[in-house]
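J.: this one's structure only:
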């Protein structure tokens, strides 16, 4: 389904991350928490020459980019949260195309076409709502989980949710204050622990903040406090390009957030059927 939307509001979530609130003219849109929409870069005139160059280099057409829904289906607006991707020489194969425009150079009133909605990273269908969910997220991996958290808390009061959320610093923590407010609003349904890896001590207030990374013991303790939870994992993972470079150089590939987390869950004994995952490079 293709929609023409207008950017109604631009919310700066972090220095490199922006939420775009999209006006559609409809009071209700048919999508699920955790779904994403796609945006075709060809509609942006300013990217025309850059697209032509990349398509020439790659030998194929540039594809639409996917962005997770930050809004929930019971909210009367659409929103996506976009983190600006960066080009790292020697590590990133191609410079990012669309995310810098969306995250840093989009103003209110801007019109664009979006296509939605799809993706498997969603709550089970009605009648199969889990009694509990463990969310494990890093960086902008919080975005689809934010939608699921909000919708679940408001529409499934019997469901208990726990969030383990990792970032480099508190200022990098997308929705940090909003998450704290959500926990205060639903103290019996939601427990949140923030993990900050590059501040000592972590610079934050009014939140359960832990210095360091999410480890196996932390995940194991969270699971023990929940009733046979579904586990939603979203965050950075090694890309196809990463794996190719490692193979070409005959070097072992260090696990990123996704590989480490899935490894911990396997060691703990969580069946793959109870794990939903969504990753990015």
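T.: Structure received. Bear in mind that the values here come from a model prediction, so they are computed numbers and not experimental data.
J.: which SS class is residue 52?
T.: Secondary structure assignment for residue 52 (DSSP: H, G, I helix; E, B strand; the rest coil): helix.
J.: for residue 81, see how far away the residue nearest the centre of the chain is.
T.: Residue closest to the average C-alpha location in the chain (Cα atoms, centre = their mean): residue 141, at 2.8 Å. To residue 81, residue 141 is 11 Å away according to Cβ to Cβ, to the nearest Å. Yep, even glycine has a C-beta here, placed from its N, CA and C like the rest.
J.: next: residue 189.
T.: Taken as Cβ to Cβ, the span from residue 189 to residue 81 is 23 Å.
J.: and for residue 55?
T.: 27 Å.
J.: which of these two has more neighbours?
T.: Taking neighbours as other Cβ atoms under 10 Å, residue 55 and residue 81 compare with residue 81 leading, 26 against 13.
J.: kindly confirm my reading that that one is in a strand.
T.: Yes. The assignment for residue 81, made by three-state DSSP, places it in a strand.
J.: pretty sure it sits against residue 143.
T.: Yes. Judged on Cβ atoms under 8 Å, residue 81 makes contact with residue 143 at a distance of 4.7 Å.
J.: shared neighbours of these two, anything?
T.: 67, 68, 70, 174 (Cβ atoms under 8 Å, 6 or more residues apart in numbering).
J.: just checking, what packs against the helix or strand the first one falls within?
T.: Using DSSP states H and E, residue 67 falls within strand 65-68. When contacts are defined as 3 or more Cβ pairs under 8 Å, 6 or more residues apart in numbering; DSSP states H and E, strand 65-68 packs onto strand 36-39, strand 78-83, helix 142-155.
J.: and the ones you listed: which comes nearest residue 23?
T.: When the helices and strands packed on strand 65-68 are compared for distance to residue 23 using Cβ to Cβ, the nearest one is strand 78-83, at 8.0 Å.
J.: so that closest one versus helix 142-155, what angle?
T.: Using axes from the mean of the first three to the mean of the last three Cα atoms, to 10 degrees, the direction of strand 78-83 lies 150 degrees away from that of helix 142-155.
J.: name the next helix or strand downstream of strand 78-83, please.
T.: Toward the C-terminus from strand 78-83 - assigned by DSSP H and E - lies helix 99-104.
J.: would you agree the residue nearest to the centre of the chain is in contact with residue 232?
T.: No. Using Cβ under 8 Å, residue 141 makes no contact with residue 232, being 9.5 Å away.
J.: helices and strands of this structure: which one has the lowest mean pLDDT?
T.: helix 240-248 (a mean of 67; mean pLDDT, DSSP states H and E).
J.: following that one, which helix or strand comes up?
T.: Downstream of helix 240-248, the first helix or strand assigned by DSSP H and E is helix 257-268.
J.: quick one: contacts of that next one?
T.: 136, 138-139, 141, 166, 214-216, 219-220, 223, 231, 233, 235-238, 255, 275, 277, 279.
J.: against which helices or strands is the next helix-or-strand element following it packed?
T.: The C-terminal neighbour of helix 257-268 among helices and strands, as given by DSSP H and E, is strand 275-280. Applying 3+ Cβ pairs under 8 Å, 6+ apart, one finds that strand 275-280 makes contact with strand 230-236, helix 257-268.
J.: ok, 10 Å please
T.: Where contact means 3 or more Cβ pairs under 10 Å, 6 or more residues apart in numbering; DSSP states H and E, strand 275-280 is packed against strand 65-68, strand 132-138, helix 142-155, strand 230-236, helix 257-268.
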